[in-house]
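1. Need a 3D model of the sequence below.
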Amino acid sequence: MDRLTPEQRHKNMQAIKNKDSEIELLLRKELWKRGLRYRKNVKNVFGHPDIAFIGKKVAVFCDSEFWHGYDWEHRKEDIKSRRDFWIPKIERNMQRDIEVTDVLKSDGWTVLRFWGKEIKKDVCKCADIIETAVKNK
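-> Just a heads-up that it's a prediction; the model follows:
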């Protein structure tokens, strides 16, 4: 049972960002500080990567745990309300992530995906991985 009214829940859901999230900003600031220049939320690259190095064909996705199904087999039990909506929605997001990764890789892109908790825990390590991928292409 949801503790919020439908109007309150709607307002909360509308406030969720799909770009310039906290985890994206953390990672982008670290990359910028290292002198790595990128494009963000690139619409003309399949899957619209959060960060893209177009010339090097490196695409970076910052995946939040809820929307992208981190530890899904355990976490889906935490969903208490509107399970018939949320479970298929998140599972479709997970499937889309796989499809996007496969298409980009088949087009010669290096695809890097980081969970939000990875970025928050050690943004430098994530940036190291990206920096290595960019320099090795």
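2. Following element in sequence after the helix-or-strand element of the chain with minimal mean pLDDT, please.
-> Lowest mean confidence among the helices and strands of the chain (mean pLDDT, DSSP states H and E): helix 6-14, at a mean of 69. Using DSSP states H and E, the helix or strand that follows helix 6-14 in sequence is helix 22-33.
3. Relative to the whole chain's centre, how far out is the helix or strand just after that next one?
-> Using DSSP H and E, the helix or strand that follows helix 22-33 in sequence is strand 39-40. When distances are taken as CA atoms, centre = their mean, to the nearest Å, strand 39-40 is centred 14 Å away from the chain's centroid.
4. Now find how far off-centre the helix or strand that strand 39-40 is followed by is within its chain.
-> Once the chain leaves strand 39-40, the next helix or strand it forms, by DSSP H and E, is strand 51-53. Put simply, strand 51-53 sits 13 Å off its chain's centre (CA atoms, centre = their mean).
5. Counting neighbours, which bits of the longest helix along the chain end up buried?
-> Counting residues, the longest helix in the chain under DSSP state H turns out to be helix 83-106. Buried residues in helix 83-106, counted by 16 or more other CB atoms under 10 Å: 90, 94, 97, 100-101, 104. C-beta: built from backbone N, CA, C; applies to glycine.
6. Spell out the secondary structure type for residue 114.
-> Following DSSP: H, G, I helix; E, B strand; the rest coil, we place residue 114 in the strand state.
7. pretty sure it is touching residue 27, no?
-> Yes: between residue 114 and residue 27 there is a contact under CB atoms under 8 Å: 7.1 Å.
8. shared neighbours, those two?
-> By CB atoms under 8 Å, 6 or more residues apart in numbering, residue 114 and residue 27 have these common neighbours: 60, 62, 126.
9. ok, so of these, who is nearest residue 44?
-> Distance to residue 44, by CB to CB, is smallest for residue 60 among the shared contacts of residue 114 and residue 27, at 16.0 Å.
10. Nearest spatial neighbour of the closest one, chain-adjacent residues omitted?
-> Beyond its immediate neighbours in the sequence, the residue positioned closest to residue 60 (CB to CB, 6 or more residues apart in numbering) is residue 51, lying 3.9 Å away.
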